[in-house]
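Participant: Please find the sequence and the predicted model below.
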Amino acid sequence: MHEDPDRPLVIRAAAGDRDAFGLLVGRYQSRVFNLALALGVRAADAEDVAQDVFIRVFQGLPRFRGEARFTTWLYQVTINAARSHHSSVAGRREVASGTRDDEETAPAAEPAAEDPFARRLVDRQIIDRALASLPPDWREAVTLRDVEGLSYREIADVTGVPIGTVESRIFRARQQLRAALSVLLAGRRKEP
């Protein structure tokens, strides 16, 4: 295993050094937020999930043994926080039964062809919807690999499943994403 570049900060933070913990938060805050988004947490809730992640990390640091890289553990905490968020949202929807979340069901508006920023925004919405259509374990695996750049071994460590399962999930997720995004890709080939 490679030396963990975060180890010195983790040791200091675990000993109560709030400045060291602040440096870890600053280093990984946007990655945790973006991972939460990629795991299907709505943008309006991703900041709360990220805050929850860092609270859990702060509370758990004294028990972190350093057997894995800090980022591996951080991704595990993020996945667990996203899962908890999804469970609580599902529970609230059951209680409110019959309510509809228009933000999640409304189709993406088609931007004017001459507005590249709006086009990228719609493309991002399409990609996010395609990711959201994946089973959660597939979405986690493909996000950790293709967005976060983790190795198959690291993903296996984060998710707690064998490497063969990780490979299978990523393969299947990519197949489903390819099919879901084929319309988007076909549209891009037709543009001048």
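Facilitator: All right, it came through fine.

Participant: after whichever strand or helix holds I55, next one along is what?
Facilitator: Remark: I55 resides in helix 43-60, with elements defined by DSSP states H and E. The helix or strand immediately downstream of helix 43-60 is helix 70-95, counting by DSSP H and E.

Participant: mean confidence score for that next one?
Facilitator: Here helix 70-95 scores 81 as its mean pLDDT.

Participant: Could you find the closest non-adjacent residue to the residue nearest the centre of the chain?
Facilitator: For the chain, the residue whose C-alpha lies nearest the mean C-alpha position (Cα atoms, centre = their mean) is L35; its distance is 2.4 Å. Excluding the flanking residues, the one nearest L35 by Cβ to Cβ, 6 or more residues apart in numbering is T78, at 5.2 Å. No exception for glycine: its C-beta is placed from N, CA and C like everyone else's.

Participant: Enumerate every residue touching that neighbour.
Facilitator: With contact taken as Cβ atoms under 8 Å, 6 or more residues apart in numbering, T78 is in contact with 32, 35-36, 39, 49-50, 53.

Participant: can the residues you listed go into CSV with extra columns for distance to F64 and pLDDT?
Facilitator: Output for the contacts of T78, formatted as CSV (distance: Cβ to Cβ, whole Å; pLDDT from 0 to 100):
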residue, distance to F64, pLDDT
V32, 16, 95
L35, 19, 92
A36, 20, 92
L39, 22, 89
V49, 20, 95
A50, 18, 95
V53, 14, 96
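
Participant: Where does pLDDT dip in the chain?
Facilitator: By pLDDT under 70, the low-scoring segments of the chain are 1-2, 90-115, 117, 119-121, 183-192.

Participant: all helices for it, in order.
Facilitator: Secondary structure of the chain (DSSP state H): helices at 7-14, 18-38, 43-60, 70-95, 102-105, 116-132, 136-146, 152-159, 163-190.

Participant: Please report the distance of A141 from I155.
Facilitator: Distance from A141 to I155, counting by Cβ to Cβ, to the nearest Å: 6 Å.

Participant: More neighbours: these two, which one.
Facilitator: It is A141, of A141 and I155, that has more neighbours when counted by other Cβ atoms under 10 Å, with 29 against 25.

Participant: any idea how far that one is from S168?
Facilitator: A141 is 9 Å from S168, by Cβ to Cβ.

Participant: Repeat that for R7.
Facilitator: Using Cβ to Cβ, one gets 32 Å for the distance from R7 to S168.

Participant: now do I11
Facilitator: Applying Cβ to Cβ, the value for I11 to S168 is 37 Å.

Participant: Would you tell me which one of the helices of the chain is buried the most?
Facilitator: helix 136-146 (a mean of 22; mean count of other Cβ atoms under 10 Å).

Participant: how deep is the spatially closest residue to F70 that is not a sequence neighbour tucked in, by neighbour count?
Facilitator: In space, F70 comes closest to D6 once its chain neighbours are excluded; the distance is 4.0 Å by Cβ to Cβ, 6+ apart. Counted with other Cβ under 10 Å, the neighbours of D6 add up to 20.
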